[in-house]
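Asker: Here is the input, now give the coordinates:
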Amino acid sequence: MRRIVVLLIALISIISGCASPNSIPDLTLDDPRFDGYDPVKSIYYNLDSGIRFRVSPMIEATYLAVEMANSGNDFTNYQDNTPYIEAGKERFKDFQDHEFVKMLSSMMIRGYTYDAIPSSIYHFNENFKLRNDIEINEFTMKRSSGQENLEKLMIYQKAFRMDSDFDSYFRDNKEQYIKMMDKGHYIVNSYNVEEVVEDFYGKPIQNSIITVTPHAKNAYGVSIDLKTGSLEVLPTLGVYDDEEIFINVLVHEISHTYVNPLTAQQGEILEETEDLYGPLKNVMSNQAYTTWETTVNEHIVRANTAIMLKNILGETAYKNALAKDRERGFKYIYEIVEAVCHYTENRDEFPTFEDYHPEIMKVFLNLK
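Answerer: Sure thing, here's the model as predicted:
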C-alpha cells in the first residue's frame with residue numbers, strides 16, 4: 001500500500017511539473033559542475049550621483065525564470081516590458097524544466113512573491129554568496145522558506161545561468177540596458193528628482209542604486225540594512241517611455257525606503273486600526289497589498305509622492321495621481337494627503353519626515 005502511495009505522489013509531481021526543493025538534486029557553489037564558470041557582473045551607470053543605476057544579471061535571471069514558470073501575478077505596473085519578456089521566454093524555452101525554474105516555482109506557491117524576490121536576492125553578492133556586510137532580514141528569510149533554502153536557490157540560479165548561457169544573453173543586451181539607464185538618468189536630472197526627494201524627507205538619499213528590471217512586470221521599493229547602521233536603498237523598477245509615469249514610480253519606490261521602516265515601529269497603532277483594512281481587503285489584495293501594514297505604507301507613500309509630483313511636474317500631475325489612487329481603492333488617501341500637507345507647511349516644527357510620521361499614524365486612529 002505504501003509503495004502505491006509513493007508512486008501516486010511521484011506521478012502527481014510529474015503531471016503538475018512542480019518540484020519541491022527536496023526533490024531537486026543537491027549542489028554546492030563549489031561543485032565541479034561549475035569549474036571554469038565566471039559569472040557576468042552587473043552593469044552600472046552614473047556612479048558619481050546620489051541616484052545611480054544598474055542592471056543586475058541575478059535579478060534579470062530570476063525574473064525571467066518567474067515568467068518561464070508561468071507563476072507570475074497578472075497584476076503589472078506597466079506593459080512596456082512585455083515584448084522583451086516574451087523574447088526572453090522564447091530564447092530560453094528549452095530550459096523550462098531546469099532545476100532553478102522548478103525550485104523558484106515551488107517557492108512562489110508558498111509565498112515567495114512580490115518584493116520578497118528582489119529583497120532576498122540583494123542579500124547575496126554577485127558570486128552567489130551571502131553578503132557579510134548586511135543585517136539579515138528575518139521576514140524576508142521567512143518568505144523565502146529560510147536562509148538555507150534561499151542559499152540553495154542561489155546555487156541553482158548559478159547552474160541555470162551556466163547551463164543556459166544566460167550570461168551571453170545578458171552581455172548581448174548591454175547596449176539596450178545602457179540606453180534604458182541613460183534615459184532614466186536624463187529624466188532624474190532634468191526634473192531635479194534627487195533634490196526634491198531629499199528636501200521632502202529632510203535626509204539625503206544615501207547608497208541608492210536603481211536596479212532597472214527589463215524582465216519584471218512590477219516595481220518595488222527595497223532596502224537592505226547594513227551592519228554600519230546605514231541603509232542601502234535599492235528601488236527595483238523599469239524605465240518608462242512616459243516621463244510622468246517613470247518619475248511617479250521612481251519617487252514612489254524611493255519613498256518606501258523612508259516610510260516603511262518608520263511604519264514598522266508603529267506596531268501598537270497598526271494593531272489598533274487593523275479593522276480599517278476590512279473594507280479594502282479585496283481591492284488591496286488584488287494589487288498585492290495583502291496586509292494592513294502594507295496598505296498603510298501605500299497610503300502614506302502615495303500621498304507623499306503626489307505632493308512631490310506637484311513640485312516636480314505641477315498641479316495637474318498632483319491631481320491626476322490622487323484621482324488615480326482613489327480610483328484604485330485607496331479610500332483614505334485624501335485624509336493622509338491633508339496630514340502630509342500640514343508637514344510641508346510646518347517644516348520649522350518638523351525638520352524631517354521621520355519627526356512627523358507619528359502624526360500621520362494618528363490620522364488612522366481618528367479614522368477608526
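
Asker: mind listing the helices for the stretch 251-368 of the chain?
Answerer: 267-272, 281-285, 292-313, 315-327, 333-345, 353-367 (DSSP state H, counting those that start in this stretch).

Asker: Now render these as CSV, adding mean pLDDT, mean neighbour count and distance to residue 256.
Answerer: Backbone N, C-alpha and C define where each C-beta goes, glycine included. As requested, these are arranged in CSV below (pLDDT from 0 to 100; neighbours: other Cβ atoms under 10 Å; distance: least, Cβ to Cβ, whole Å):
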stretch, mean pLDDT, mean neighbour count, distance to residue 256
helix 267-272, 96, 13, 16
helix 281-285, 93, 14, 16
helix 292-313, 96, 23, 6
helix 315-327, 96, 15, 15
helix 333-345, 97, 17, 15
helix 353-367, 97, 16, 13
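
Asker: of all those helices, which lies closest to residue 192?
Answerer: Taking Cβ to Cβ, helix 292-313 is the member of the helices of the stretch 251-368 of the chain nearest to residue 192, at 7.2 Å.

Asker: now the closest one: how far from the chain's centre is it?
Answerer: 17 Å (Cα atoms, centre = their mean, to the nearest Å).

Asker: rewinding a little: which of the helices of the stretch 251-368 of the chain sits closest to residue 202?
Answerer: helix 353-367 (6.0 Å).

Asker: by contact count, what packs against the closest one?
Answerer: Helices and strands touching helix 353-367, by 3 or more Cβ pairs under 8 Å, 6 or more residues apart in numbering; DSSP states H and E, are helix 193-201, helix 243-264, helix 267-272, helix 292-313, helix 333-345.

Asker: now those helices as TSV including distance to residue 325?
Answerer: Converted to TSV, the helices and strands packed on helix 353-367 look like this (distance: least, Cβ to Cβ, whole Å):
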stretch	distance to residue 325
helix 193-201	18
helix 243-264	10
helix 267-272	20
helix 292-313	5
helix 333-345	5
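
Asker: nearest to residue 213, of the ones you listed?
Answerer: It's helix 243-264; of those, that one is closest to residue 213 (Cβ to Cβ) at 11.1 Å.

Asker: Please identify the buried residues of that closest one?
Answerer: Neighbour-count burial for helix 243-264 flags 244, 246-260, 262-263 (criterion: 16 or more other Cβ atoms under 10 Å).

Asker: For the spatially most central residue of the chain, which non-adjacent residue is spatially closest?
Answerer: With distances taken as Cα atoms, centre = their mean, the residue of the chain nearest its centroid is residue 220 (2.9 Å). Leaving aside its chain neighbours, residue 220 sits nearest to residue 115 (4.1 Å; criterion: Cβ to Cβ, 6 or more residues apart in numbering).

Asker: how many other residues sit next to the one you found?
Answerer: 20 (other Cβ atoms under 10 Å).

Asker: Read off the pLDDT value for it.
Answerer: Residue 115 carries a pLDDT value of 87.

Asker: I'd like the distance between it and residue 253.
Answerer: For residue 115, the distance to residue 253 equals 10 Å [Cβ to Cβ, to the nearest Å].

Asker: what's the closest of the helices of the stretch 251-368 of the chain to residue 40?
Answerer: Ranking the helices of the stretch 251-368 of the chain by proximity to residue 40 (Cβ to Cβ) places helix 292-313 first, at 33.5 Å.

Asker: With just CA atoms, put that closest one into PDB.
Answerer: Output of helix 292-313 as PDB, limited to C-alpha atoms (Å, rounded to 0.1, in the frame of the first residue of the first chain):
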ATOM      1  CA  TRP A 292      -2.900  46.300   6.800                       C
ATOM      2  CA  GLU A 293       0.700  47.500   7.400                       C
ATOM      3  CA  THR A 294       1.400  47.300   3.600                       C
ATOM      4  CA  THR A 295      -1.800  49.200   2.900                       C
ATOM      5  CA  VAL A 296      -0.800  51.900   5.400                       C
ATOM      6  CA  ASN A 297       2.500  52.300   3.800                       C
ATOM      7  CA  GLU A 298       0.900  52.500   0.400                       C
ATOM      8  CA  HIS A 299      -1.400  55.300   1.500                       C
ATOM      9  CA  ILE A 300       1.400  57.300   3.000                       C
ATOM     10  CA  VAL A 301       3.800  56.800   0.100                       C
ATOM     11  CA  ARG A 302       1.200  57.700  -2.400                       C
ATOM     12  CA  ALA A 303       0.300  60.900  -0.600                       C
ATOM     13  CA  ASN A 304       4.000  61.900  -0.300                       C
ATOM     14  CA  THR A 305       4.600  61.000  -4.000                       C
ATOM     15  CA  ALA A 306       1.600  63.100  -5.100                       C
ATOM     16  CA  ILE A 307       2.900  66.200  -3.200                       C
ATOM     17  CA  MET A 308       6.400  65.700  -4.600                       C
ATOM     18  CA  LEU A 309       4.900  65.400  -8.100                       C
ATOM     19  CA  LYS A 310       3.400  68.800  -7.700                       C
ATOM     20  CA  ASN A 311       6.800  70.200  -7.100                       C
ATOM     21  CA  ILE A 312       8.400  68.300 -10.000                       C
ATOM     22  CA  LEU A 313       5.600  68.300 -12.600                       C
END
